[in-house]
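>>> Fold the following for me, if possible:
(chains A, B and C)
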Amino acid sequence: MPPARSLLAYYKALRRHYGHQHWWPGETPFEVMVGAILTQNTAWINVEKAIANLKALGLLDAARLAAIDAPSLATAIRPAGYFNQKAKRLQGFVRWFLEQFGGDVERMRAVPIPRMREELLKVKGIGPETADSILLYALGHPVFVVDAYTHRLLQRHGFVGEEASYDELKEIFESAFPPDASFYNDFHAQIVNVGKDSCRTQPRCDKCPLRRFLPSGTKP
DNA sequence: GACCAGGCACATC
DNA sequence: GATGTGCATGGT
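Next up, the predicted model:
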(Lines give C-alpha, C1' and ligand atoms only; values in the text may rest on other atoms or scores of the structure.)
Protein backbone atom coordinates (compact mmCIF):
# COMPACT_ATOMS: atom_id res chain seq x y z
CA MET A 1 0.00 0.00 0.00
CA PRO A 2 1.60 3.27 -1.09
CA PRO A 3 1.78 5.97 1.53
CA ALA A 4 -0.56 8.88 0.91
CA ARG A 5 2.39 11.25 0.61
CA SER A 6 3.74 9.30 -2.37
CA LEU A 7 0.43 9.50 -4.16
CA LEU A 8 0.14 13.17 -3.37
CA ALA A 9 3.65 13.75 -4.71
CA TYR A 10 2.62 12.01 -7.93
CA TYR A 11 -0.43 14.18 -8.21
CA LYS A 12 1.57 17.36 -7.68
CA ALA A 13 4.14 16.36 -10.28
CA LEU A 14 1.44 15.55 -12.81
CA ARG A 15 -0.48 18.70 -12.06
CA ARG A 16 2.66 20.81 -12.53
CA HIS A 17 3.39 19.11 -15.81
CA TYR A 18 -0.06 19.00 -17.37
CA GLY A 19 -2.00 21.71 -15.55
CA HIS A 20 -5.56 21.27 -14.33
CA GLN A 21 -7.50 18.95 -16.61
CA HIS A 22 -11.04 20.24 -16.06
CA TRP A 23 -12.67 16.89 -16.62
CA TRP A 24 -15.16 15.53 -17.67
CA PRO A 25 -15.53 16.96 -21.18
CA GLY A 26 -19.33 17.08 -21.32
CA GLU A 27 -21.80 19.94 -21.23
CA THR A 28 -24.43 18.32 -19.04
CA PRO A 29 -24.53 15.46 -16.52
CA PHE A 30 -26.62 13.49 -18.99
CA GLU A 31 -24.00 13.94 -21.68
CA VAL A 32 -21.35 12.79 -19.21
CA MET A 33 -23.30 9.63 -18.46
CA VAL A 34 -23.73 8.88 -22.16
CA GLY A 35 -20.02 9.48 -22.68
CA ALA A 36 -19.15 7.17 -19.81
CA ILE A 37 -20.85 4.28 -21.58
CA LEU A 38 -19.56 5.16 -25.03
CA THR A 39 -15.96 5.40 -23.90
CA GLN A 40 -15.76 1.84 -22.64
CA ASN A 41 -12.53 0.41 -24.04
CA THR A 42 -12.52 3.17 -26.62
CA ALA A 43 -10.36 6.22 -27.32
CA TRP A 44 -12.12 9.43 -26.33
CA ILE A 45 -11.56 11.01 -29.74
CA ASN A 46 -13.91 8.43 -31.23
CA VAL A 47 -16.48 9.01 -28.50
CA GLU A 48 -16.50 12.71 -29.36
CA LYS A 49 -17.54 11.88 -32.89
CA ALA A 50 -20.36 9.68 -31.67
CA ILE A 51 -21.57 12.36 -29.26
CA ALA A 52 -21.44 14.98 -32.01
CA ASN A 53 -23.66 12.71 -34.11
CA LEU A 54 -26.12 12.31 -31.24
CA LYS A 55 -26.21 16.07 -30.76
CA ALA A 56 -26.78 16.72 -34.42
CA LEU A 57 -29.67 14.28 -34.41
CA GLY A 58 -31.18 15.76 -31.26
CA LEU A 59 -30.62 12.47 -29.47
CA LEU A 60 -28.80 13.77 -26.43
CA ASP A 61 -32.08 13.53 -24.62
CA ALA A 62 -33.24 10.66 -22.45
CA ALA A 63 -36.75 10.32 -23.87
CA ARG A 64 -35.62 10.45 -27.48
CA LEU A 65 -32.72 8.13 -26.86
CA ALA A 66 -35.07 5.64 -25.25
CA ALA A 67 -37.56 5.84 -28.10
CA ILE A 68 -35.32 5.52 -31.15
CA ASP A 69 -34.88 2.14 -32.80
CA ALA A 70 -31.65 0.38 -31.90
CA PRO A 71 -30.21 0.09 -35.43
CA SER A 72 -30.54 3.86 -35.99
CA LEU A 73 -28.88 4.54 -32.68
CA ALA A 74 -26.11 2.09 -33.54
CA THR A 75 -25.48 3.93 -36.79
CA ALA A 76 -25.25 7.25 -34.97
CA ILE A 77 -22.68 6.00 -32.46
CA ARG A 78 -20.73 3.96 -34.97
CA PRO A 79 -17.43 5.88 -34.58
CA ALA A 80 -17.27 4.86 -30.91
CA GLY A 81 -16.92 1.18 -31.83
CA TYR A 82 -18.91 -1.78 -30.42
CA PHE A 83 -21.88 0.16 -31.73
CA ASN A 84 -24.48 -2.61 -31.60
CA GLN A 85 -23.56 -3.50 -28.06
CA LYS A 86 -23.33 0.11 -26.94
CA ALA A 87 -26.68 1.00 -28.52
CA LYS A 88 -28.33 -1.66 -26.34
CA ARG A 89 -26.40 -0.58 -23.26
CA LEU A 90 -27.23 3.07 -23.80
CA GLN A 91 -30.92 2.36 -24.19
CA GLY A 92 -30.96 0.03 -21.21
CA PHE A 93 -29.36 2.70 -19.09
CA VAL A 94 -31.57 5.52 -20.36
CA ARG A 95 -34.75 3.54 -19.81
CA TRP A 96 -33.65 2.76 -16.29
CA PHE A 97 -32.86 6.45 -15.78
CA LEU A 98 -36.35 7.40 -16.93
CA GLU A 99 -38.12 4.70 -14.93
CA GLN A 100 -36.25 5.19 -11.70
CA PHE A 101 -35.69 8.94 -11.70
CA GLY A 102 -38.00 10.34 -14.34
CA GLY A 103 -34.92 11.48 -16.24
CA ASP A 104 -34.04 13.84 -13.40
CA VAL A 105 -30.35 13.97 -12.47
CA GLU A 106 -31.13 15.71 -9.18
CA ARG A 107 -33.29 12.82 -8.06
CA MET A 108 -30.42 10.52 -8.91
CA ARG A 109 -27.99 12.64 -6.95
CA ALA A 110 -30.22 12.48 -3.89
CA VAL A 111 -29.69 8.72 -3.50
CA PRO A 112 -26.93 7.82 -1.00
CA ILE A 113 -23.67 7.02 -2.78
CA PRO A 114 -23.23 3.33 -1.88
CA ARG A 115 -26.86 2.64 -2.75
CA MET A 116 -26.57 4.51 -6.05
CA ARG A 117 -23.43 2.55 -6.91
CA GLU A 118 -25.20 -0.76 -6.26
CA GLU A 119 -28.12 0.27 -8.41
CA LEU A 120 -25.89 1.43 -11.25
CA LEU A 121 -24.02 -1.88 -11.20
CA LYS A 122 -27.29 -3.72 -11.71
CA VAL A 123 -27.81 -1.98 -15.03
CA LYS A 124 -26.54 -4.18 -17.84
CA GLY A 125 -23.52 -2.57 -19.45
CA ILE A 126 -22.45 -0.63 -16.38
CA GLY A 127 -19.47 -2.06 -14.55
CA PRO A 128 -17.36 -0.59 -11.74
CA GLU A 129 -15.48 1.99 -13.79
CA THR A 130 -18.53 3.28 -15.63
CA ALA A 131 -20.53 3.42 -12.39
CA ASP A 132 -17.80 5.35 -10.62
CA SER A 133 -17.33 7.68 -13.58
CA ILE A 134 -21.03 8.52 -13.42
CA LEU A 135 -20.91 8.99 -9.64
CA LEU A 136 -17.90 11.28 -9.81
CA TYR A 137 -18.12 13.11 -13.10
CA ALA A 138 -21.88 13.33 -13.64
CA LEU A 139 -23.14 13.48 -10.06
CA GLY A 140 -20.16 15.12 -8.38
CA HIS A 141 -19.78 12.49 -5.66
CA PRO A 142 -16.37 11.91 -4.05
CA VAL A 143 -15.70 8.52 -5.61
CA PHE A 144 -12.29 7.60 -7.03
CA VAL A 145 -12.37 6.22 -10.55
CA VAL A 146 -9.95 3.41 -11.27
CA ASP A 147 -8.98 2.41 -14.77
CA ALA A 148 -6.35 0.42 -16.59
CA TYR A 149 -3.91 3.33 -16.33
CA THR A 150 -4.36 3.54 -12.56
CA HIS A 151 -3.54 -0.10 -12.22
CA ARG A 152 -0.54 0.13 -14.52
CA LEU A 153 0.79 3.15 -12.66
CA LEU A 154 0.58 1.55 -9.21
CA GLN A 155 1.95 -1.70 -10.53
CA ARG A 156 4.95 -0.21 -12.26
CA HIS A 157 5.77 1.81 -9.21
CA GLY A 158 5.75 -1.39 -7.20
CA PHE A 159 2.75 -0.66 -5.00
CA VAL A 160 0.45 -3.45 -6.14
CA GLY A 161 0.65 -6.67 -8.09
CA GLU A 162 -1.00 -7.47 -11.34
CA GLU A 163 -3.78 -9.33 -9.55
CA ALA A 164 -4.98 -6.27 -7.61
CA SER A 165 -8.72 -5.89 -7.97
CA TYR A 166 -10.67 -2.82 -8.98
CA ASP A 167 -11.99 -2.34 -5.46
CA GLU A 168 -8.54 -2.68 -3.92
CA LEU A 169 -7.15 0.02 -6.17
CA LYS A 170 -10.10 2.27 -5.48
CA GLU A 171 -9.69 1.77 -1.74
CA ILE A 172 -6.04 2.76 -1.92
CA PHE A 173 -6.97 6.23 -3.10
CA GLU A 174 -10.13 6.66 -1.07
CA SER A 175 -8.42 5.70 2.16
CA ALA A 176 -5.37 7.85 1.43
CA PHE A 177 -7.33 11.06 0.93
CA PRO A 178 -10.40 12.72 2.39
CA PRO A 179 -13.48 12.58 0.13
CA ASP A 180 -13.08 15.49 -2.24
CA ALA A 181 -14.80 15.20 -5.61
CA SER A 182 -12.81 17.92 -7.37
CA PHE A 183 -9.51 16.41 -6.19
CA TYR A 184 -10.51 12.88 -7.19
CA ASN A 185 -11.71 14.28 -10.48
CA ASP A 186 -8.44 15.90 -11.43
CA PHE A 187 -6.27 13.12 -10.02
CA HIS A 188 -7.94 10.51 -12.17
CA ALA A 189 -7.74 12.81 -15.19
CA GLN A 190 -4.00 13.29 -14.58
CA ILE A 191 -3.45 9.55 -14.36
CA VAL A 192 -5.23 9.02 -17.67
CA ASN A 193 -3.13 11.77 -19.15
CA VAL A 194 0.21 10.37 -18.13
CA GLY A 195 -0.96 6.89 -19.07
CA LYS A 196 -1.78 8.04 -22.57
CA ASP A 197 1.41 9.94 -23.02
CA SER A 198 3.83 8.73 -25.61
CA CYS A 199 6.57 7.87 -23.16
CA ARG A 200 4.68 4.84 -21.90
CA THR A 201 6.69 2.44 -23.99
CA GLN A 202 10.08 3.76 -22.99
CA PRO A 203 11.53 3.15 -19.55
CA ARG A 204 12.17 6.37 -17.65
CA CYS A 205 11.51 8.52 -20.68
CA ASP A 206 12.82 12.05 -20.31
CA LYS A 207 9.40 13.56 -20.86
CA CYS A 208 7.67 11.57 -18.16
CA PRO A 209 6.73 13.80 -15.21
CA LEU A 210 6.92 10.78 -12.92
CA ARG A 211 10.35 9.56 -13.97
CA ARG A 212 12.03 10.58 -10.73
CA PHE A 213 9.61 8.34 -8.79
CA LEU A 214 10.17 5.31 -10.96
CA PRO A 215 12.26 2.33 -9.98
CA SER A 216 15.06 2.21 -12.53
CA GLY A 217 14.32 0.36 -15.72
CA THR A 218 10.54 0.50 -15.36
CA LYS A 219 8.04 2.24 -17.56
CA PRO A 220 5.80 5.03 -16.34
C1' DG B 1 -0.35 -4.40 -40.27
C1' DA B 2 -0.10 -5.03 -35.49
C1' DC B 3 -1.45 -2.73 -31.45
C1' DC B 4 -4.07 0.08 -28.47
C1' DA B 5 -8.06 2.84 -26.67
C1' DG B 6 -10.90 6.42 -20.18
C1' DG B 7 -14.85 -2.12 -20.15
C1' DC B 8 -18.32 -5.31 -19.72
C1' DA B 9 -21.13 -9.56 -20.18
C1' DC B 10 -21.27 -14.12 -20.87
C1' DA B 11 -19.69 -18.99 -21.66
C1' DT B 12 -16.97 -22.45 -19.99
C1' DC B 13 -14.13 -25.01 -16.98
C1' DG C 1 -13.88 -18.33 -8.67
C1' DA C 2 -10.84 -17.84 -12.49
C1' DT C 3 -10.00 -17.59 -17.20
C1' DG C 4 -11.16 -16.80 -22.13
C1' DT C 5 -13.75 -14.53 -25.72
C1' DG C 6 -16.80 -11.33 -28.43
C1' DC C 7 -17.74 -6.76 -29.24
C1' DA C 8 -15.60 -2.79 -33.66
C1' DT C 9 -13.98 1.76 -34.99
C1' DG C 10 -10.06 4.78 -35.80
C1' DG C 11 -5.36 6.57 -34.72
C1' DT C 12 -0.31 5.49 -34.26
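
>>> Residue ranges of each domain in chain A, please.
Here the domain assignment for chain A is A:4-21+A:146-213, A:29-138, based on automatic domain parsing.

>>> among the helices and strands of chain A, which one scores worst on average pLDDT?
Here the helix or strand of chain A ranked lowest by mean pLDDT, DSSP states H and E is helix A:148-156, holding a mean of 90.

>>> can you list the residues that contact that helix?
Here helix A:148-156 makes contact (C-beta atoms under 8 Å, 6 or more residues apart in numbering) with A:2, A:10, A:160-162, A:164, A:169, A:172, A:188, A:191-192, A:194-196, A:210, A:214-215, A:218-220. All C-beta atoms are positioned from the backbone trio N, CA, C, and that covers glycine.

>>> Where helices are concerned, which of the residues you listed count?
The helices, defined by DSSP state H, take in A:10, A:169, A:172, A:188, A:191-192, A:194-196 from those.

>>> Now restrict those to buried residues only.
The neighbour count (16 or more other C-beta atoms under 10 Å) marks A:10, A:169, A:172, A:188, A:191-192, A:194-195 as buried among the ones in helices among the contacts of helix A:148-156.

>>> What is the nearest of those residues to DNA strand C?
In terms of C-beta to the nearest atom of the strand, no member of those lies closer to DNA strand C than A:Gly195, at 14.4 Å.

>>> So for that closest one, what's the nearest residue that isn't a sequence neighbour?
Once flanking residues are discounted, A:Gly195 sits nearest to A:Tyr149: 3.0 Å by C-beta to C-beta, 6 or more residues apart in numbering.

>>> for A:Val194, same thing?
A:Leu14 is the one closest to A:Val194 (C-beta to C-beta, 6+ apart), at 5.7 Å.

>>> count of neighbours near A:Glu163?
A count of nearby residues for A:Glu163, using other C-beta atoms under 10 Å, gives 7.

>>> Distance of it relative to DNA strand C?
8 Å (C-beta to the nearest atom of the strand, to the nearest Å).

>>> Could you do A:Val105 as well?
The gap separating A:Val105 from DNA strand C is 27 Å, by C-beta to the nearest atom of the strand.

>>> picking that back up, quickly compare the domains of chain A and say which is most buried.
Of all the domains of chain A, domain A:29-138 has the most neighbours on average by mean count of other C-beta atoms under 10 Å, namely a mean of 18.

>>> tell me how far the ends of that domain are from each other?
From the first residue to the last, domain A:29-138 extends over 4 Å; the measure is C-alpha to C-alpha, to the nearest Å.

>>> now stretch A:147-167
End residues of stretch A:147-167 are separated by 11 Å (C-alpha to C-alpha).

>>> check whether it contacts DNA strand B.
Yes - if you take C-beta under 7 Å from any atom of the strand as the test, stretch A:147-167 does meet DNA strand B, through A:147-149.

>>> For DNA strand C, what's the nearest residue on chain A?
Residue of chain A nearest DNA strand C, by C-beta to the nearest atom of the strand: A:Gly81 (2.6 Å).

>>> Which residues are in contact with that residue?
A:41-42, A:46 are the contacts of A:Gly81 under C-beta under 8 Å, 6+ apart.

>>> hmm, back to that, hang on, the residue nearest to A:Val194 packs against A:Phe213?
No - the pair A:Leu14 / A:Phe213 is not scored as a contact, 10.5 Å apart, by C-beta atoms under 8 Å.
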